[in-house]
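Peer 1: structure here, sequence nowhere to be found:
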């Protein structure tokens, strides 16, 4: 738990009484210190600017943070939330605009309708696993991926959580053109929690007054007291109005709106369970709703899971410092940057692996040049389809040669074959790359 800041206004009044208020303005102090948006808990451990005490530094810094943009979210004690857009936020927003939305250069394998779903499925599986693990699911990634890819039924609550999250993320993709409503939020939470709750009736509804969901640690220390249950209906309507850009009257950058929607749902904690997973799902809905198409391919939970304490501390910094959402904004934008960077690394490695495999393929003696051409195409187009006639025309060979080429690849488990009427159709075998590397 970070140490709560002293009341800066009380400190300022005392400095006025002691005739020291003018000292605050002798040294230039901005809202950000060396690219960091400092919370008192960290600032008190640093050396203050020359001539200032830590308390004076804090007051001067807080003066620079006045005038933030307010959003309709209210704290449990009915105080407002605001955010600022200091330089680090603006820089990261600019990069998100360039790298996650609009027309950006990506490999054909990501943008092609034939193959993009393979990359989307990989990201959905990763997000489903790590988002569930953040909320207590216990299983290995290998087992979870095997369950999803083979459509095996889950064997325990952890696997059910992951499967629910995977299905929810697929559901979110179909909602990107819809406006957010309370009923839709309830449906998302139901998808996230179905068949995992001690009380099955809690799926798809807000918590009741007798159901406490205080955020505490294993020792009983309370970190967050959500608003009372009788306020949830009104707060849910206000959240959806915000999500649909009906409030506030001032312009809010779409990525900022998406991040603050994540915070809002998590702060209100309207459900008995599944609040974190639902909040992250709403973030994805909002980003896709606003045209940030690359979000289909990234997993923020995978990055959060590497240092979950930073995630929770971003909430706490906001709550303990006058409901200043800038802390959560900066944290979340950094997470998004890392997720995008990770996607680009994955794609570079994948492309390098494919090129290496194609080079190796040219040296495989048991395949003729026509077969190597088919397999090379199949590596890059896992949804490709081939017929004897298309192969015959492509390589200007007789029917029997084309037939022999393709059926030989089936015998080597490199292609699958299906007959419809009198026509054979061939497609890349599942896990073709591994089969080639295994010889």
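Peer 2: Received, thanks. Fair warning: this is a prediction, and the values are worked out from it, not measured in the lab. Residues are numbered from 1 along each chain as shown.
Peer 1: please, which helix or strand holds the closest residue to residue 436 other than its chain neighbours?
Peer 2: Across the structure, with C-beta to C-beta, 6 or more residues apart in numbering as the measure, the residue nearest residue 436 apart from its sequence neighbours is residue 357 (6.2 Å). (C-beta placed from N, C-alpha, C; glycine too.) When secondary structure is defined by DSSP states H and E, residue 357 falls within helix 326-362.
Peer 1: who does that helix touch, helix- and strand-wise?
Peer 2: When contacts are defined as 3 or more C-beta pairs under 8 Å, 6 or more residues apart in numbering; DSSP states H and E, helix 326-362 packs onto helix 87-100, helix 108-111, helix 254-268, helix 300-304, helix 308-320, helix 369-380, helix 432-437.
Peer 1: now it, how far from the centre of its chain.
Peer 2: Taking C-alpha atoms, centre = their mean, to the nearest Å, the mean C-alpha location of helix 326-362 is offset from the chain mean by 14 Å.
Peer 1: quick revisit: out of the helices and strands packed on helix 326-362, the one nearest residue 175 is which?
Peer 2: helix 254-268 (13.5 Å; C-beta to C-beta).
Peer 1: list the buried ones in that closest one?
Peer 2: Within helix 254-268, the residues that qualify as buried are 254-268, counting by 16 or more other C-beta atoms under 10 Å.
Peer 1: what about it, average pLDDT?
Peer 2: In this model, helix 254-268 has an average pLDDT of 97.
Peer 1: following element in sequence after that helix, please.
Peer 2: Next in sequence after helix 254-268, counting helices and strands by DSSP H and E, comes helix 275-289.
Peer 1: contact partners of that next one?
Peer 2: When contacts are taken as C-beta atoms under 8 Å, 6 or more residues apart in numbering, the neighbours of helix 275-289 outside the stretch itself are 100, 127, 131-132, 134-135, 161, 165, 168-169, 172-173, 175-178, 180, 185, 188-189, 192, 213, 243, 254-255, 257-259, 261-266, 269, 271, 295-296, 300-301.
Peer 1: for this structure, name the helix or strand with the lowest mean pLDDT.
Peer 2: The element with the least model confidence among the helices and strands of the chain, by mean pLDDT, DSSP states H and E, is helix 108-111, at a mean of 57.
Peer 1: give me the buried positions along the helix holding residue 357.
Peer 2: By 16+ other C-beta under 10 Å, the buried positions in helix 326-362 come out as 326-333, 335-340, 343, 346-347, 350, 354, 357-358, 361.
Peer 1: what of stretch 221-232?
Peer 2: Using 16+ other C-beta under 10 Å as the test for burial, stretch 221-232 gives 224, 225, 226, 227, 229, 231, 232.
Peer 1: gap between it and the chain center?
Peer 2: 25 Å.
Peer 1: what separates residue 328 from residue 128, distance-wise?
Peer 2: Per C-beta to C-beta, to the nearest Å, residue 328 is found 23 Å from residue 128.
Peer 1: actually residue 184, not the one I typed
Peer 2: Taken as C-beta to C-beta, the spacing of residue 184 relative to residue 128 amounts to 19 Å.
Peer 1: does residue 2 touch residue 312 like I think?
Peer 2: No. With contact defined as C-beta atoms under 8 Å, residue 2 and residue 312 do not form a contacting pair (10.3 Å).
Peer 1: might one say that residue 399 is in contact with residue 391?
Peer 2: No. Under the criterion of C-beta under 8 Å, residue 399 is not in contact with residue 391, lying 9.6 Å apart.
Peer 1: looking at those two, which is more packed in?
Peer 2: Comparing residue 399 with residue 391 by neighbour count (other C-beta atoms under 10 Å), the higher total belongs to residue 391, at 22 against 11.
Peer 1: what about the stretch 1-150 of the chain, any weak spots by pLDDT?
Peer 2: Filtered on pLDDT under 70, the stretch 1-150 of the chain yields the residue ranges 102-119, 121.
Peer 1: which stretches in it count as helices?
Peer 2: 8-17, 40-43, 54-64, 87-100, 108-111, 116-134, 141-150 (DSSP state H, counting those that start in this stretch).
Peer 1: buried sites along the third one?
Peer 2: Okay, so that is helix 54-64. So helix 54-64, judged by 16+ other C-beta under 10 Å, has buried residues 55, 56, 57, 58, 59, 60, 61, 62.
Peer 1: residues contacting residue 207?
Peer 2: By C-beta under 8 Å, 6+ apart, the contact list for residue 207 reads 213, 229, 232, 269, 270, 271, 272.
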